[in-house]
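Q: everything below, folded, please.
(2 chains)
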Amino acid sequence: MAEQKVAERKRPGDGAAPHSELIGATRAESRGLIETWWQEMSEADAEGRPVANVFVMGSIAEILRCFDLPMSFPEITSLQTAVRGKQMEMLVAAEDYGYSPDICGYVKVDVGLHLTGRNHPSGKLPRPALVVSPNTCNTYIKWSEIWERMYGCPVFVLDLPGWRGTGGSVLPGSEEFERDRRYVEGQLRELIALCERITGKTLDLDRLREVMGEVNALAGLYDEVVAENKHHPAPFDAMLDGLNYMGIANAYRGDSRGTAFMRLARDELRERVRLGMGAIPDEKYRLLLIGTACYSHFRRFLELFHSWGGVFAHSEYMSFAGGGIDRGIRYELERPIESMAEQILWSAQQSFSGIFFSQDWQARIVREWDIDGICFHGIKSCRTVSTGLPDEREWQMRTNDIPGLFIQSDLVDARLWSDAQMKNRIDAFFEALASRKAAARR
Amino acid sequence: MTDDLTQLIHETRELVEDLDYPAARRWLEQNPGGKVLGHFQVYFPEELAHAAGMLPIKLAGASSALQVRQADARFAAFVCSIIRSSLESVLAGRADFLSMFVTHPICDAARHSCGVWARNLPDIPCQVLYLPHNVRSAYAPEYLESEYRRIAGVIEEVAGRELTDDALRASIELFNENRRLLRELYRIKRETPWLISTVEAYLLTRAGTVMPREEHNELLRRALPLVEARDAKSQDKIRVVFEGGFCEQPPLEMLAVIQDACYVVDDDFLIGLRWLTEDVPAGDNPYASLARAYIETSSYSPVQRDPEKLKEEMLLARIRAAGAEAAIVAAAKMCEPGLEEQVSYSRALDDAGIPHLVMEFEEKTNVFEQVRMEVETFAESLLFEFA
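A: A predicted model of the protein is given here:
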């Protein structure tokens, strides 16, 4: 039955000549865009122009872009440090300064970079002139306070009231939602005033509408990109190419170059689907990742799954770390600030703090993306994504009969990677999935 | 109970150490149909629950006497102990009488715990009270008032009765009295620390988390005059401020080790009970009054940001106000905000030339020889220095 469903969804090559210029174009384009992003940040810093430090779960790029403030995403720069294998010296520098081995590795890599001259493998890390810190991760606020002490820069905490508990969602249209929205709108106006003070510029509402229009387009395309992975085989791995899509969605949110990139990504994926090209050569298992990858062993992490024919068809990471744009952001441009408050608030509830109660979202993704099993990867660095994962796994197995694997390592700290243990658990998971598939065929 | 202070402290210790919340169970027996609201650290406006006729208690973890079994299977390995033990208290039937649970966005583990509670305890409504992180926004007071009104609405549903403004004003008065008594206890600690040990003061404070506030007021009203009447003399101990007890609580045995070598003249143990630093004028709009007090007349902790109350400056002010000579800057294991703040505290103390001891603890620790060695060495080195 399952195989029949797969066959129906599969779109094999239709005999048309491949659009060879599209295949691989997205990766090349993303490399170029990331280099440009670094160049723009570093140049601004060198010229003494202000740069803002922001975070992926609520960057508020919509406003900052209107003030021509280049944005540095320390989560991305820390991740890049780990992928380049330079993170351990930064971790040690931060720990020598006093930071505990038990706190977020992204924070420590970043602190290490700042303590050792801001020399990132990709360029000069700028010093922040402004920090915009949403409360979507509590560590964002603590992290921001570190820069505040180092540089004396203003820290603007954008408070986004999130998910309120059982039966406690504050739904749009309700009186409570309207109160929350007023709070967020008021803060956005205060942020605008702060940006005006820092840059000496006045907000141009037409420019804001233009940027928000780009975000609308980006969000629509991002949805289409993610949806392409409903096909069999999945044309991209959510933890490999998905990472590029997220990175560009963040760094170029509200910028026409980001929109053009996402259009290119969608077109390439459609072409790959048309040609029957999967993310891995022989897709056997479709997986959903809850948590993040381990960037100190990124290739190895993926290899442990790919070698079994396992592909990450989706990830919760693509939702919350993609800036929440997959949860239906559609700004109403005739009332930009009010609408921004509404939409950011909603995505904070659904995407960012939704990860604390995401079992229904997970079950929907499993159905719609035809997922065989969920990998819950807990990381010491991040309690935001990791705290309740064992419980979520058990819930999905008990309530929805969805197989789950729970493994633990870290985002960036190589000391927390145990290869034999990881391989052992992952192998056992795939063996169980194989038995399950065999039993379903009988 | 007896008026003898030693006996009173002994009984208080038994109450605090009993993992089955005997005072809450007794209250339920005396109030058939009554409901208990449990809330996590750090601050919750208990007046809201009290005014609706509920008994508010604080779930602040448990000592090593509680075997954490079920909760361990619910959380990742690198999550602090208090999150686990607070859930275990309910899963293991120790606090199975709760009718509602409230947590706060103080940290990411605490926010996650709401999801875990909701999945595992579907019959106990679980809420996140979103206290503001941007308290200096001009819009924060109105928002907080509305958030208090929202949670009050949930409380009314659970309690099955209306929460009137008059009842809330009366509850604010009761809790003002409690805060006054706690301030008095801390004044005694600061001014005459030889009259009350760290453990005794802690027990008298902690009792307030697990018993009706009327009874806690009565306990303090009886205990404080007895403390002041004590015939005790000052000893040659260094005066320290203990920082790091805002959420997970250090074991009593650890406090006993510290008090052997130091006078703890101020601290942030259970700071949520003392979060509001002045009486709250109930006024025409008691919700707005509580919200204003949270923002304007409140203490500090690593999990609440207020750009007008930089935490290291607040710690230095606390040390100065208490006439302390040194500080113990502690953090609970795996507590991200506490461990991060520990660095800024330590740096600020270095800059101010204030000696300090940096340490970690866990509520379930039951071996204290290492702590004893560290604290005694620290205290002795300072005694030599000051001599």
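Q: got a list of what residue 339 touches?
A: All of this is about chain A. A:212, A:331, A:332, A:333 (C-beta atoms under 8 Å, 6 or more residues apart in numbering or on different chains). From N, CA and C alone the C-beta is placed, and that goes for glycine too.
Q: please refer instead to chain B.
A: By C-beta under 8 Å, 6+ apart, the contact set of residue B:339 is A:99, A:100, A:102, A:103, B:331, B:360.
Q: all strands for the stretch 151-300 of chain B, in order.
A: Ranges of strands within the stretch 151-300 of chain B are B:238-243, B:262-267, based on DSSP state E, counting those that start in this stretch.
Q: out of those strands, which comes closest to chain A?
A: Chain A sits nearest to strand B:238-243 of all the strands of the stretch 151-300 of chain B, at 14.9 Å, using C-beta to the nearest C-beta.
Q: give me the sheet partners of the closest one and which way each runs.
A: Strand B:238-243 has these partner strands in its sheet, going by DSSP bridges: strand B:262-267 (parallel), strand B:326-332 (parallel).
Q: adding mean neighbour count and mean pLDDT, write those out as a markdown table.
A: A markdown table is the format used below for the strands paired with strand B:238-243 (neighbours: other C-beta atoms under 10 Å in any protein chain shown; pLDDT from 0 to 100):
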| stretch | mean neighbour count | mean pLDDT |
| --- | --- | --- |
| strand B:262-267 | 24 | 98 |
| strand B:326-332 | 25 | 98 |
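Q: residue ranges for the helices of the stretch 101-250 of chain B, please.
A: B:108-120, B:140-159, B:165-191, B:198-206, B:213-228 (DSSP state H, counting those that start in this stretch).
Q: which one (most neighbours) among the contacts of residue B:339?
A: residue B:331 (30 neighbours; other C-beta atoms under 10 Å in any protein chain shown).
Q: residue contacts, it?
A: So residue B:331 contacts A:100, B:244, B:338, B:339, B:341, B:342, B:359, B:360, B:361 (C-beta under 8 Å, 6+ apart).
Q: in strands only, show me these.
A: B:359, B:360, B:361 (DSSP state E).
Q: any idea how far the nearest residue to the first one once chain neighbours are set aside is from chain A?
A: Of all residues beyond its chain neighbours, the one nearest residue B:359 is residue B:330 (5.0 Å), with distances taken as C-beta to C-beta, 6 or more residues apart in numbering or on different chains. From residue B:330 across to chain A, the span is 12 Å (C-beta to the nearest C-beta, to the nearest Å).
Q: hang on, residue B:330 packs against residue B:246?
A: No. Checked against C-beta atoms under 8 Å, the pair residue B:330 and residue B:246 is beyond contact range at 10.3 Å.
Q: got the residues of the stretch 101-250 of chain A near chain B?
A: Proximity of the stretch 101-250 of chain A to chain B is confined to A:102-104, A:107, A:135, A:137-139, A:141-142, A:145-146, A:149, A:155-159, A:161-168, A:170, A:176, A:179-180, A:182-183, A:186-187, A:190 under the rule C-beta under 8 Å from any C-beta of the partner chain.
Q: excluding its backbone neighbours, what's nearest the residue nearest the centre of chain A?
A: Geometric centre of chain A, nearest residue: residue A:321, 2.1 Å, by C-alpha atoms, centre = their mean. Distance criterion C-beta to C-beta, 6+ apart; nearest residue to residue A:321, sequence neighbours excluded, is residue A:56 at 4.9 Å.
Q: just name the most buried of the helices of the stretch 101-250 of chain B.
A: Counting by mean count of other C-beta atoms under 10 Å in any protein chain shown, helix B:108-120 has the highest mean neighbour count of the helices of the stretch 101-250 of chain B, with a mean of 26.
Q: export it as CSV, just CAs?
A: Below are the C-alpha coordinates for helix B:108-120, written out as CSV (Å, rounded to 0.1, in the frame of the first residue of the first chain):
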residue,chain,number,x,y,z
ASP,B,108,14.0,27.6,27.8
ALA,B,109,13.8,24.5,30.0
ALA,B,110,11.0,26.0,32.0
ARG,B,111,9.1,26.9,28.9
HIS,B,112,9.6,23.4,27.5
SER,B,113,8.4,21.9,30.8
CYS,B,114,4.9,23.2,30.0
GLY,B,115,4.7,21.0,26.9
VAL,B,116,5.9,18.0,28.9
TRP,B,117,3.4,18.7,31.7
ALA,B,118,0.6,19.1,29.2
ARG,B,119,1.4,15.8,27.5
ASN,B,120,1.8,13.8,30.7
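Q: name the residues that touch that helix?
A: Residues contacting helix B:108-120 (C-beta under 8 Å, 6+ apart): A:137-139, A:162-163, A:165-166, A:353, A:356-359, A:382-384, A:387-388, A:391-392, A:395, B:40-41, B:74-75, B:79-80, B:83, B:86-87, B:90-91, B:101, B:103-105, B:124, B:126-128, B:336.
Q: recalculate using a threshold of 6 Å.
A: A:138, A:165-166, A:356-357, A:383-384, A:387-388, A:391, A:395, B:40, B:74, B:79, B:83, B:101, B:103, B:105, B:126, B:128 (C-beta atoms under 6 Å, 6 or more residues apart in numbering or on different chains).
Q: now stretch A:246-254
A: With contact meaning C-beta under 6 Å, 6+ apart, stretch A:246-254 is reached by A:30, A:33, A:37, A:56, A:61-62, A:65, A:73, A:76, A:211, A:214-215, A:222, A:258, A:261, A:318, A:321-323.
Q: check the offset of it from the chain's centre.
A: 10 Å (C-alpha atoms, centre = their mean, to the nearest Å).
Q: poorly predicted segments of chain B, please.
A: Where chain B drops to pLDDT under 70, the residues are B:1-3.
Q: which helix or strand contains the nearest residue to residue B:59 once chain neighbours are set aside?
A: Nearest non-adjacent residue to residue B:59, counting by C-beta to C-beta, 6+ apart: residue B:86, 4.2 Å away. If you go by DSSP states H and E, residue B:86 is part of helix B:81-91.
Q: does residue A:290 belong to a helix, a strand or coil?
A: strand (DSSP: H, G, I helix; E, B strand; the rest coil).
Q: circling back to that earlier point, ok, the residue nearest to residue A:321 - contacts?
A: A:75, A:250, A:321, A:323.
Q: let's see 10 Å
A: Shown in contact with residue A:56 (C-beta atoms under 10 Å, 6 or more residues apart in numbering or on different chains): A:73-76, A:79, A:134, A:136-137, A:140, A:246-247, A:249-251, A:253, A:317, A:320-324, A:352.
Q: check for me that it belongs to a helix.
A: No. Using three-state DSSP, the secondary structure at residue A:56 is coil, not a helix.
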